[in-house]
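A.B. asks: No sequence on hand, only this structure:
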């Protein structure tokens, strides 16, 4: 009989401990979750601790072939990507995080040559040289050239699909730059 009393008492004391355990758990978990060397966001960005501002300079087009609107499209897309994915305040210059560079290549080349020596596909390629600096964590500084491309049928009128191709390439470039700068990829 005594054995049954001890077994029936155990669940009651366990329940009492459970009531105290829950508030302590809710106090400790956020502290553990948010304590770290850097500031993390739900987008996967790892912002250096203490960084509050960022500056993204205008990326001039220094390619041999200059697409007139490409610099503005790329710079604005890069700024939008960083401001929408982080809580950093955009400043004109001297940010805690700084991105600058230039568009260094804009080319269209044939890629799928057929038996009659005509191209079935052409490729639009854009390369951007980026210099990233962080005042809080200089070990993460880099200078890298990012390249992306899109293939399109040679039967298509390039001028009619150019804007869409550029948008797709710029989206990929900004993703790659963001990931290299703040997602440690």
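C.D. replies: Ah, there it is. Because the structure is predicted, anything quoted here is derived from the model rather than measured.

A.B. asks: for the protein, what spans make up the helices?
C.D. replies: 2-34, 70-85, 158-182 (DSSP state H).

A.B. asks: So what angle separates the directions of the second one and helix 158-182?
C.D. replies: Inter-element angle recorded for helix 70-85 and helix 158-182: 40 degrees (by axes from the mean of the first three to the mean of the last three C-alpha atoms, to 10 degrees).

A.B. asks: Pull out the buried residues from helix 70-85.
C.D. replies: Going by neighbour count (16 or more other C-beta atoms under 10 Å), the buried part of helix 70-85 is 70, 71, 73, 74, 75, 77, 78, 79, 81, 82, 85. (C-beta placed from N, C-alpha, C; glycine too.)

A.B. asks: The helices of the chain: lowest mean pLDDT?
C.D. replies: With a mean of 51, helix 2-34 has the lowest mean pLDDT of the helices of the chain.

A.B. asks: Run the chain-centre distance for stretch 129-148.
C.D. replies: Put simply, stretch 129-148 sits 13 Å off its chain's centre (C-alpha atoms, centre = their mean, to the nearest Å).

A.B. asks: and for it, what are the contacting residues?
C.D. replies: 38, 48-51, 96-102, 104-105, 125-128, 169, 172-173, 176-177, 180-181 (C-beta atoms under 8 Å, 6 or more residues apart in numbering).

A.B. asks: hmm, back to that, including distance to residue 156, could the buried residues of helix 70-85 go into CSV?
C.D. replies: Formatted as CSV, those follow (distance: C-beta to C-beta, whole Å):
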residue, distance to residue 156
70, 19
71, 25
73, 20
74, 23
75, 27
77, 23
78, 27
79, 30
81, 28
82, 33
85, 33
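
A.B. asks: What is the nearest of those to residue 57?
C.D. replies: residue 75 (7.9 Å; C-beta to C-beta).

A.B. asks: Would you mind measuring from the closest one to residue 158?
C.D. replies: 23 Å (C-beta to C-beta, to the nearest Å).

A.B. asks: same thing with residue 164?
C.D. replies: 11 Å.
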